[in-house]
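Engineer: Return atomic coordinates for the entry below.
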Amino acid sequence: MDKVPNTSDPSSIDVQIGTFIYSMESFLVYTLNKVSRDKNSSFINTLGPYAVLISRIIERAQKNRHDKIIGPFTVYRGIGLRQEIIQ
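Structural biologist: Presented below is the predicted three-dimensional model:
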């Protein structure tokens, strides 16, 4: 990587790709979650940069929200929903 990812602008390609990958049904997200829960440091070189990217996207998005979410919430990944259901 030759540049620092831009995580402050939601329309940046870094944010779009990072969130797209996180929303996919992929081994990457499951591996990242398991490694994080188990505090397995052997994956730091491979998954660490992606974990930092996702963490910064979430942190900066939360700071810029006008309608702050208070309390626990659920994030759904890999669910194919029609547009009319989402709205």
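
Engineer: in this protein, what spans have low per-residue confidence?
Structural biologist: In the predicted model, the chain carries pLDDT under 70 at residues 1-2, 68, 76-81, 86-87.

Engineer: make it 80
Structural biologist: 1-4, 6, 8, 25, 61-71, 73-87 (pLDDT under 80).

Engineer: For it, just list every one of the strands.
Structural biologist: Read by DSSP state E, the chain holds no strands at all.

Engineer: Count the residues that sit near L47.
Structural biologist: Close neighbours of L47, defined as other CB atoms under 10 Å, add up to 16. No exception for glycine: its C-beta is placed from N, CA and C like everyone else's.

Engineer: actually G18, not the one I wrote
Structural biologist: Burial of G18 is recorded as 19 neighbouring residues (other CB under 10 Å).

Engineer: could you measure it against N45, distance?
Structural biologist: According to CB to CB, to the nearest Å, G18 and N45 sit 18 Å apart.

Engineer: Tell me which stretches of this structure form helices.
Structural biologist: Using DSSP state H, the helices of the chain run over residues 13-23, 27-38, 44-64, 83-86.

Engineer: Distance to K3 for these - can I get that in JSON lines?
Structural biologist: Listed next are the helices of the chain as JSON lines, based on distance: least, CB to CB, whole Å:
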{"stretch": "helix 13-23", "distance to K3": "9"}
{"stretch": "helix 27-38", "distance to K3": "21"}
{"stretch": "helix 44-64", "distance to K3": "12"}
{"stretch": "helix 83-86", "distance to K3": "33"}
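
Engineer: and of those, who's closest to G71?
Structural biologist: G71 lies closest to helix 44-64 among these, at 13.2 Å (CB to CB).

Engineer: mind listing what's buried in the closest one?
Structural biologist: Buried residues in helix 44-64, counted by 16 or more other CB atoms under 10 Å: 47, 50, 53-54, 56-57.

Engineer: Equivalent analysis for stretch 13-24, please.
Structural biologist: For stretch 13-24, by 16+ other CB under 10 Å, it's 14-15, 18-19, 22.

Engineer: And the furthest pair within the residues you listed?
Structural biologist: Greatest spacing in those, by CB to CB: D14 and Y22 (12.5 Å).

Engineer: That'll do, ta.
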